[in-house]
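**Q** Need a 3D model of the following:
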Amino acid sequence: MKIGFCGLTHLGETLRKASEIRGFDTAIGRPEECDIVFVTPDVEDHDDLSEVEKCMSWAVDLPIRIPVVLVSQVPPGFTRKWLKKRGNIFYQVDTIIMNRALLRATFPERFIVGCEDLRETPPAPYATFLAAFNCPIVTMSFESAELSKLAVNYYLARQIEATNALVAVARHVGADWNQMIPGLRLDARIGQRAYIRPGEVGGHLPRDVRTIERLLKEALAA
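**A** Next up is the predicted model:
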């Protein structure tokens, strides 16, 4: 099965390499010869989606038999508008972290897939791709999937902010935060992978926090 990509920045290159590791052909060729096409430009700010718009404008002109899967980080409502141009479109939440991107792309914990009709199964090429990674697949609406990506980063950013506040309290009362970490991680509600090391809310976390806060303001004003 041949997989095509539009927008081979960091996200796209990572998914391309992961696809090759899982046995798929990602050779550059004529797009109409592909069995599935992923749209993957990196997004630094949700106020500038020009590269994603450009790639999607190209992708919607592909033959309708080819599933188009948008993986770029976009705000809720972005994917659905392309259904006016063509069907067979999906939104897939990426799971990569910058310092171990290829590992997480090759061995994802789960796939979150946004689709138009929850009653239908993904078309055969996309279903074959998803199955190759041997992980749970959670399907939902476009908006739910898009918001899921933002929600994950929002939770993670708030964990870091909470940790920084607690570290300041620990210093104030004479506690040692590093001594506390092992005990906190053993609480199943916090867990081994919790973001309980102090630091900056970096990477793409601030982008998604800003978008969630904007949407929250809109919801409260409605």
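**Q** domains for this structure, by residue range?
**A** By the record's domain assignment, the chain is partitioned as 3-142, 149-221 (automatic domain parsing).
**Q** Sketch out the strands for the chain, chain order is fine.
**A** For the chain, applying DSSP state E gives strands covering 3-6, 36-39, 68-70, 89-92, 111-115, 137-141.
**Q** For the third one, what does the pLDDT average out to?
**A** Strand 68-70 shows a mean pLDDT of 97 in the predicted model.
**Q** follow-up on the earlier one: okay if I get the strands of the chain as a markdown table plus mean neighbour count and distance to residue 79?
**A** In short, each C-beta sits where N, CA and C put it, glycine included. Shown next, in a markdown table, are the strands of the chain (neighbours: other Cβ atoms under 10 Å; distance: least, Cβ to Cβ, whole Å):
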| stretch | mean neighbour count | distance to residue 79 |
| --- | --- | --- |
| strand 3-6 | 23 | 15 |
| strand 36-39 | 26 | 10 |
| strand 68-70 | 27 | 6 |
| strand 89-92 | 25 | 4 |
| strand 111-115 | 22 | 6 |
| strand 137-141 | 17 | 10 |
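**Q** Now for the closest residue in space to residue 88 that isn't next to it in sequence: which residues touch it?
**A** Using Cβ to Cβ, 6 or more residues apart in numbering and skipping the chain neighbours, the partner closest in space to residue 88 is residue 67 (5.2 Å). Under the criterion of Cβ atoms under 8 Å, 6 or more residues apart in numbering, the contact partners of residue 67 comprise 36, 37, 88, 89, 90, 122, 123, 125, 126.
**Q** Which positions in stretch 94-102 come out as buried?
**A** Going by neighbour count (16 or more other Cβ atoms under 10 Å), the buried part of stretch 94-102 is 94, 95, 96, 101.
**Q** Give me the nearest residue to the first one, chain neighbours excluded.
**A** If I follow you right, that is residue 94. Closest residue to residue 94 in three dimensions, ignoring its sequence neighbours and counting by Cβ to Cβ, 6+ apart: residue 71, at 5.2 Å.
**Q** which stretches of this protein form helices?
**A** Residue ranges of the helices in the chain, as given by DSSP state H, are 10-21, 50-59, 101-106, 124-131, 142-173, 177-185, 205-221.
**Q** returning to that earlier point: just curious, which of the contacts of residue 67 is nearest to residue 198?
**A** When the contacts of residue 67 are ranked by distance to residue 198 (Cβ to Cβ), residue 90 comes first, at 37.9 Å.
**Q** Report the beta-bridge partner residues of that closest one.
**A** For residue 90, the beta-bridge partners are residue 69 (DSSP bridges).
**Q** residues contacting it?
**A** Applying Cβ under 8 Å, 6+ apart as the definition, the contact partners of residue 90 turn out to be 67, 68, 69, 70, 113, 114, 115, 122, 126.
**Q** Skip the chain neighbours and tell me the closest residue to residue 114.
**A** Nearest non-adjacent residue to residue 114, counting by Cβ to Cβ, 6+ apart: residue 145, 2.9 Å away.
**Q** Return the distance of the most centrally placed residue in the chain relative to residue 20.
**A** Taking Cα atoms, centre = their mean, the centroid of the chain lies closest to residue 94, which sits 2.7 Å from it. Shown here: residue 94 relative to residue 20, a distance of 17 Å by Cβ to Cβ, to the nearest Å.
**Q** Any chance you could list what contacts the worst-scoring helix or strand of the chain on mean pLDDT?
**A** Comparing helices and strands within the chain by mean pLDDT, DSSP states H and E singles out helix 205-221 as the least confident, with a mean of 86. For helix 205-221, contacts defined as Cβ under 8 Å, 6+ apart pick out 43-46, 73, 75-76, 149-151, 153-154, 156-157, 160, 201.
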